[in-house]
Structures are given as C-alpha cells and as structure tokens.
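Engineer: Following is a predicted model, sequence given first.
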Amino acid sequence: MQWKTKTLGEFIIENQAEFQYSTGELSKLINAIRLAAKVVNHEVNKAGLIDILGAAGETNVQGESQQKLDVLANEKFIQALENREIVCGIASEEETDFITVNSLDENHQNKYVVLIDPLDGSSNIDVNVSVGTIFSIYRRLTPSGSPVTLEDFLQPGINQVAAGYIIYGTSTMLVYTTGHGVNGFTLNPAIGTFYLSHPNMQFPDTGRIYSVNEGNYIHFPQGVKDYIKYCQMEEGDRPYTSRYIGSLVSDFHRNLIKGGIYMYPKSSLNSNGKLRLLYECNPMALLAEQAGGKASDGHRRILEIQPGELHERVPFFCGSPRMVEKAEEFMGRYP
C-alpha cells in the first residue's frame, strides 16, 4: 500500500524518465498547475463566505456570462504559469486571443504552450456543486526563442504531451496523464499536499450511466435520440441510469470511476456542438484513451481533428469504449 503515501512531487520525479523530452520543464509545469490548483481550491471552498459568487458582469469570447470565480481562476492559473517562466504561450477559454510569454527575450527557450479552461462548470458554484479545471500541454511547433504563433496552439489533440483536470468536490483531486496511463492525486487540505490515491485509472469496458442534458432532446439529431431511447429500453443490462451534473469534469470523473458515457452532441441550438475542442474535448479525449476509453465527435476520433481556430466547438461523446461505439453505431445510420 506504499502508493497511499506517495506525493505528487515524488511521483513526478520518479516517472520523469518516461517522458521522451525529459529535461525538467514538464515537471516544473505540472508543479505550477498544482500550485495554482491549491490557490483556486482555497477560493472555491470559501465562495459562500466572501463576495465571489455570482456573475462578474462581463461576457467571455463565447458570449457567455463570466462568473466572478471564472475571472479569479483565470488570473491565478495565468499568473502561476507566467511567473515561473516555463511556458512560451498560454491560451485560455476566458481570453479572446493567446498570451505570448517573454516573447522578446532572446534567451527564452521554453518549449511548451498550455491551453486551459480555468473553471469548468462555474455556473454551478452558486449552488455548491463540483466544478473543475481542465488543462492541455503541447510542445511548440515554431522555433524556440521566437514569439509563439497561432500555429503553436492549433495542433490536433494527438500531439498533446500531457493533459489533465482538477476537480473541486468533496475532496480536491488532480488527475493527469503524460501518455503513460492516468493517475489521480487527492489533496490533503491539512498540509496542502497531493497524494497518489487513484493509480492507473481505467474506464470500465462498459457501464450503466449515460450523461446528457435531456432537456435539449427535441433539438438533438435523430441518431442521438435513437441512442437515448436505446439507453432507456428495458433489455439485458438496460435501462441505464441518467446522471448529468452539468460540469464536464464532474460527469467525466464519475464515469471514469463507475463506467458510463458523456454526450454533448450538436443540436439545432448549437450546430457545431457547445464544448471547445482545444480547452475541453482534446484534454478529456487524451485522458479517456489513456484510461482505455474512447472519445469521438460521433463519427471521428477527437484527437485526430485538426483545429481551425482557438475557440472551435465540436460535438463530444466520451467514456467507456463499448458505450461510445454503440452511440457511434446509431449516429452512423444518419451520416
């Protein structure tokens, strides 16, 4: 049971050699994210005590109302990444454009860009429901020492060198992968240390949970409607149980542990889907595949989609492999 006392820092050091570009920067980058996560966790946990609940009175680039904690989390993660001078660029779901870090420094040889959703599901904060942070890390494509360009961020998800999420719930967990499986670390708030609590996390091959906003059922494509009816049909191990929190991190985390499928399809309300390819779908897809699951837009593997813009949206189906394959089968009937 040695893993129960292994810290995130110890785990990073022990496994650094598995990373093909092992020079220490990626370890520092994960540590910066860990630090910011602890700061945001502290703010989330006192949200009902100080004036950080509710809307900030601004909208983000997607035209969505920003919550006060959206703004705070965005600031904390950007600050942690910039101050440690370990990245050359940052893109956030809350920012219109990417941020260039130290672009005029001739000695600036940092190789990584980070894309982040600082506070996924933030509208749930006011009602004390779990929220999270999602992050994605790539090696830049342009030469080191020069300013980053849009090209460095518009990479297919298969190019990710690391991805993960932090879930702020009954306990705070950091779950991440560097391409060698998925491991989860739980924060001990008494001493501020993350411990390896969920080693080698794996999606069950199938499950009995489907997660989708059924309030939008009338707007879904026919293939999605047919699959939902299949989930509700009494046959074999069905009907499945419907569980939808409205926070991607929370729904994904539950399905990863218990088995299930998460769906946010395109609809007549959102013709391209609602979730962002770069900030949400790609990192979750990498985690899913590293945990033995699948991630698809209903027809294509998420990780192979070539993004065309920073805030591109796509339909998203992710979870236990047999469930995703069955959903794709139904959607394949309506090409």
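Structural biologist: On my side now, so go ahead. Numbering: from 1, shown residues only.
Engineer: show me what contacts the residue most central in space within the chain?
Structural biologist: In the chain, the centroid-proximal residue (Cα atoms, centre = their mean) is residue 134; its distance is 3.4 Å. Applying Cβ atoms under 8 Å, 6 or more residues apart in numbering to residue 134 gives the contacts 116-117, 120, 163-165, 248-249, 279-280, 283-284. Yep, even glycine has a C-beta here, placed from its N, CA and C like the rest.
Engineer: Which one among those residues sits at the bottom for pLDDT?
Structural biologist: Within these, residue 120 has the lowest pLDDT, namely 91.
Engineer: My guess is that residue contacts residue 135. True?
Structural biologist: No. Checked against Cβ atoms under 8 Å, the pair residue 120 and residue 135 is beyond contact range at 10.5 Å.
Engineer: Need the overlap of contacts for those two.
Structural biologist: Common contacts of residue 120 and residue 135, defined by Cβ under 8 Å, 6+ apart, comprise residue 165.
Engineer: Between the two, tell me which one has more neighbours.
Structural biologist: residue 120 (28 against 25; other Cβ atoms under 10 Å).
Engineer: Pull the contacting residues for the more buried one.
Structural biologist: 131-134, 165, 247-249, 280.
Engineer: Specify the beta-bridge partners of it.
Structural biologist: Counting by DSSP bridges, residue 120 is bridged to residue 132.
Engineer: looking at the chain, which helix or strand does the model trust least?
Structural biologist: Sorting the helices and strands of the chain by mean pLDDT, DSSP states H and E puts strand 55-59 at the bottom, at a mean of 51.
Engineer: Count the neighbours of the residue nearest to residue 233 when sequence neighbours are not counted for me.
Structural biologist: Nearest residue to residue 233, sequence neighbours excluded (Cβ to Cβ, 6 or more residues apart in numbering): residue 239, at 6.3 Å. By the criterion of other Cβ under 10 Å, residue 239 has 14 neighbours.
Engineer: Same check on residue 146?
Structural biologist: Residues near residue 146, counting by other Cβ under 10 Å: 12.
Engineer: Show me the shaky parts of the stretch 101-250 of the chain.
Structural biologist: Within the stretch 101-250 of the chain, the stretches with pLDDT under 70 are 103-108.
Engineer: And the helices in it?
Structural biologist: Under the criterion DSSP state H, counting those that start in this stretch, the stretch 101-250 of the chain contains helices at 150-153, 222-232, 248-258.
Engineer: Report the buried residues of the shortest one.
Structural biologist: Of the residues in helix 150-153, those buried by neighbour count under the rule 16 or more other Cβ atoms under 10 Å are 152-153.
Engineer: Give me the contact list for it.
Structural biologist: 88-89, 91, 98, 113, 115, 138, 140-142, 278, 310.
Engineer: ok now that helix, how far from the chain's centre?
Structural biologist: Chain-centre distance of helix 150-153: 19 Å, with Cα atoms, centre = their mean, to the nearest Å.
Engineer: got the CA positions of it in CSV?
Structural biologist: Extracted in CSV, the C-alpha atoms of helix 150-153 (Å, rounded to 0.1, in the frame of the first residue of the first chain):
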residue,chain,number,x,y,z
LEU,A,150,-1.4,30.7,-33.6
GLU,A,151,0.1,27.6,-35.2
ASP,A,152,1.6,26.5,-31.9
PHE,A,153,-1.9,26.3,-30.4
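Engineer: quick one: contacts for the closest residue in space to residue 328 that isn't next to it in sequence?
Structural biologist: Among residues not flanking residue 328 along the chain, residue 296 sits closest, at 5.8 Å (Cβ to Cβ, 6+ apart). Shown in contact with residue 296 (Cβ under 8 Å, 6+ apart): 302, 317-318, 324, 327-328.
Engineer: So which of these are in strands?
Structural biologist: 317-318 (DSSP state E).
Engineer: any idea which of the contacts of residue 296 is closest to residue 270?
Structural biologist: For these, the residue nearest residue 270 by Cβ to Cβ is residue 317; the value is 14.6 Å.
Engineer: Identify the residues contacting that closest one.
Structural biologist: With Cβ under 8 Å, 6+ apart, residue 317 has these contacts: 261-263, 265, 295-298, 324, 327-328.
Engineer: Export these as CSV, with columns for distance to residue 227.
Structural biologist: Compiled in CSV, those are given as follows (distance: Cβ to Cβ, whole Å):
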residue, distance to residue 227
261, 9
262, 13
263, 8
265, 9
295, 16
296, 12
297, 14
298, 10
324, 10
327, 5
328, 9
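Engineer: How far off centre is the helix ranked longest in the chain?
Structural biologist: Secondary structure of the chain per DSSP state H: the longest helix is helix 25-45. Mean-position distance between helix 25-45 and its chain equals 15 Å (Cα atoms, centre = their mean).
Engineer: Would you confirm that residue 274 contacts residue 313?
Structural biologist: Yes. Using Cβ under 8 Å, residue 274 is in contact with residue 313, at 6.0 Å.
Engineer: Need the overlap of contacts for the two.
Structural biologist: Residues touching both residue 274 and residue 313 (Cβ under 8 Å, 6+ apart): none.
Engineer: which residues sit in contact with residue 87?
Structural biologist: Contacts for residue 87 (Cβ under 8 Å, 6+ apart) come out as 29, 81, 101, 110, 112-114.
Engineer: Among those, list the two that are farthest apart in space.
Structural biologist: Among these, 29 and 101 lie farthest apart (Cβ to Cβ), at 12.0 Å.
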